[in-house]
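Engineer: predicted coordinates and the sequence they were generated for:
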Amino acid sequence: MLNFFIISIILIALMLTVRRMLVSKLLSVAFLANVGWLVVGAFQKKGLTELAYFSFDSTALIMLSLLFIVAVPAFFHSFIYFRTDSDRGVPMYIAALTALLTSLVGVYLSNNLIVLWIFMEATTLTVSVLIYHHRSAHALEATWKYVFVSSVGIALAYMGILFMGAIVSPSEEFSVSFAGLKALAANANPAYLRIAFLFMLVGFSTKMELFPMHTVGIDANTIAPPPISAVISTLMVNSGFVAIYRLLRVLDGTEVGSWVANVLILSGILSVIIAATYLLKSNNLKRLLAYSTLENMGLVAIALGVGGVARYAAFVHIIVHTFIKSSLFFQARQVYAVYNTYEISKMGGYIKLYSVGALVLMLGALGIVAFPPSGLFVSEFLIFKTMLAEQRWGLFILLALALLFCVYAIIQKLLSVVYAKQPEKLAGEAPSSLLSLSQLVLIGFAFYMFFFQSGEVVNLINEAIK
């Protein structure tokens with residue numbers, strides 16, 4: 001673990017020092033090898049702890065695996081992106097992406113609330129560089145908004161940590177490891193636990209893109225380069241999920257456990273309703289995908305709150321969403337290469353112009369709205385099944401109606417890109433079909449989760465929810 005961080009820091013320093021494209025590519029490959037080596041070692045050390053603050057539990061193993069799978073095409077598409085875009089700031093971009101992924105590794109593996117908080121703050125600083133990559137007025141506005149709102153969120157999360165400290169008497173030792181917090185929370189003052197959870201939920205929702213702090217993620221995804229939007233909307237969102245899930249596990253079984261679950265359900269349903277509203281009127285392709293992330297994270301929050309089998313569904317949803325959403329954001333850049341715009345109303349005839357890319361959009365559209373054989377169908381089926389088993393009829397009806405609007409909006413808008421009348425004048429031309437190969441592979445992984453419900457992935461999820 002220590003070797004991973006040392007090597008990553010050295011690579012970042014070299015990226016910033018030697019400002020050449022070829023060197024950046026080689027150092028990126030070296031970083032991916034470093035991550036791959038960490039993932040292999042993590043599975044070998046499953047259940048163990050290193051450096052006192054990092055544990056290789058099942059949740060961490062799932063998230064690390066997803067990070068490596070998405071990071072490979074993220075670097076690849078980033079360098080493809082520089083072919084048709086200005087290469088100004090490329091070394092800084094690659095160094096910031098490397099630092100962001102390194103920080104996310106720290107979040108996933110942290111077994112300590114303070115250490116997790118520190119790495120979460122590091123993700124804010126590193127991703128802000130990437131959002132500002134184009135150095136335009138819109139990029140500057142989105143960057144400042146992201147830094148400001150995320151900093152407020154991190155500050156609120158820190159307030160939550162302070163309230164967690166209030167559950168300890170002066171004579172006791174305050175442990176901020178998740179295992180230590182769980183032991184202390186069992187006999188803690190419920191009022192302090194409720195306040196602490198609210199502060200941390202609001203704070204970490206800036207990363208998970210949940211209501212009420214979801215707007216910062218929407219703007220960041222819209223402005224950032226598409227490969228970075230793919231990382232923000234999947235790996236960054238996953239970091240918020242890890243933080244909230246580990247906190248939920250601390251409070252499970254306490255006097256406030258059911259209250260915490262209801263708060264998550266409320267946040268989740270509001271997220272889905274807001275997403276449905278804005279999906280219907282969104283005309284920007286990347287913004288549409290960003291609001292789709294809000295919808296899916298709302299479903300995950302509801303699943304965590306409902307509990308039982310739905311928590312298994314939450315992990316399945318996170319995994320499959322990571323595959324599908326990253327593929328759609330990678331494809332978004334190829335759409336832009338054809339039309340030179342992200343405005344959906346100015347697109348059409350994509351299936352004639354770039355048939356392989358159109359296939360990605362069609363499969364991605366079916367996948368993200370949970371049509372079989374999407375793995376999201378499995379997770380949503382389990383969520384609704386759990387709701388019905390617990391007779392949550394009001395929640396079931398409200399969520400079903402909101403999702404119908406989401407499905408309509410996403411299918412109608414993405415398929416209009418594919419089948420609507422082709423614009424008379426095109427600003428670009430179709431890229432190579434090989435660029436869509438990585439996206440088809442990612443969607444294939446998402447469909448794999450529909451057909452196969454056994455094996456190492458299922459075992460890891462079951463261990464994570466025990």
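Structural biologist: Yep, it's here.
Engineer: pLDDT weak spots in the chain?
Structural biologist: 84-88, 167-175, 427, 454 (pLDDT under 70).
Engineer: buried stuff in the top helix by length along the chain?
Structural biologist: The longest helix of the chain (DSSP state H) is helix 309-339. By 16 or more other Cβ atoms under 10 Å, the buried positions in helix 309-339 come out as 310-339. In this view, the C-beta of every residue, glycine as well, is placed from N, C-alpha and C.
Engineer: what is the very next helix or strand once past that helix packed up against?
Structural biologist: Using DSSP states H and E, the helix or strand that follows helix 309-339 in sequence is helix 350-353. Counting contacts by 3 or more Cβ pairs under 8 Å, 6 or more residues apart in numbering; DSSP states H and E, helix 350-353 packs against helix 309-339, helix 355-368, helix 393-419.
Engineer: for helix 350-353, list every residue counted as buried.
Structural biologist: For helix 350-353, using 16+ other Cβ under 10 Å, the buried residues are 350-351, 353.
Engineer: for those, which one is nearest residue 150?
Structural biologist: residue 350 (34.4 Å; Cβ to Cβ).
Engineer: surely that closest one meets residue 417?
Structural biologist: Yes - contact criterion Cβ atoms under 8 Å: residue 350 and residue 417 qualify, at 5.1 Å.
Engineer: hey, what's in contact with both of those two?
Structural biologist: 335, 361 (Cβ atoms under 8 Å, 6 or more residues apart in numbering).
Engineer: on that earlier part again, so can I have CSV of the buried residues of helix 350-353 showing distance to residue 297?
Structural biologist: Formatted as CSV, the buried residues of helix 350-353 follow (distance: Cβ to Cβ, whole Å):
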residue, distance to residue 297
350, 28
351, 30
353, 32
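Engineer: now residue 94: how far from residue 149?
Structural biologist: 26 Å (Cβ to Cβ, to the nearest Å).
Engineer: so those two - more neighbours on which side?
Structural biologist: residue 94 (26 against 18; other Cβ atoms under 10 Å).
Engineer: contacting residues for the more buried one?
Structural biologist: Going by Cβ under 8 Å, 6+ apart, residue 94 touches 15, 24, 27-28, 75, 78.
Engineer: which stretches in the chain count as strands?
Structural biologist: 49-50, 54-55 (DSSP state E).
Engineer: pull up the pairing partners for the first one, direction included.
Structural biologist: This points to strand 49-50. strand 54-55 (antiparallel) (DSSP bridges).
Engineer: what's the spacing between the partner strand and its chain's center?
Structural biologist: 21 Å (Cα atoms, centre = their mean, to the nearest Å).
Engineer: could you do stretch 196-203 as well?
Structural biologist: The answer for stretch 196-203 is 19 Å, by Cα atoms, centre = their mean.
Engineer: contacting residues around it?
Structural biologist: Residues contacting stretch 196-203 (Cβ under 8 Å, 6+ apart): 153-161, 163-164, 166-167, 210, 212-213, 243-244, 247, 251, 256, 260, 263-264, 267.
Engineer: filter these to the buried ones?
Structural biologist: Going by neighbour count (16+ other Cβ under 10 Å), these have 153-154, 156-161, 163-164, 167, 210, 213, 243-244, 247, 251, 256, 260, 263-264, 267 buried.
Engineer: among these, which are in helices?
Structural biologist: Counting by DSSP H, the buried ones among the contacts of stretch 196-203 contribute 153-154, 156-161, 163-164, 243-244, 247, 251, 260, 263-264, 267 to helices.
Engineer: residue 46: neighbour count?
Structural biologist: 14.
Engineer: residues in contact with it?
Structural biologist: By Cβ under 8 Å, 6+ apart, the neighbours of residue 46 are 56-58, 61.
Engineer: closest to residue 460 out of these?
Structural biologist: Among these, and counting by Cβ to Cβ, the member closest to residue 460 is residue 58, at 4.6 Å.
Engineer: these two touch, right, that closest one and residue 461?
Structural biologist: Yes - Residue 58 is within contact range of residue 461, at 7.4 Å (criterion: Cβ under 8 Å).
Engineer: re the thing from before, give me whichever of the strands of the chain is most buried.
Structural biologist: strand 54-55 (a mean of 23; mean count of other Cβ atoms under 10 Å).
Engineer: which one of the buried residues of helix 350-353 is nearest residue 234?
Structural biologist: For those, the residue nearest residue 234 by Cβ to Cβ is residue 350; the value is 23.1 Å.
Engineer: return the distance of the closest one relative to residue 342.
Structural biologist: From residue 350 to residue 342 the distance is 13 Å (Cβ to Cβ).
Engineer: identify the contacts common to the two.
Structural biologist: residue 335.
Engineer: residues contacting the closest residue in space to residue 106 that isn't next to it in sequence?
Structural biologist: Once flanking residues are discounted, residue 106 sits nearest to residue 119: 3.5 Å by Cβ to Cβ, 6 or more residues apart in numbering. When contacts are counted by Cβ under 8 Å, 6+ apart, residue 119 touches 103-104, 106-107, 110.
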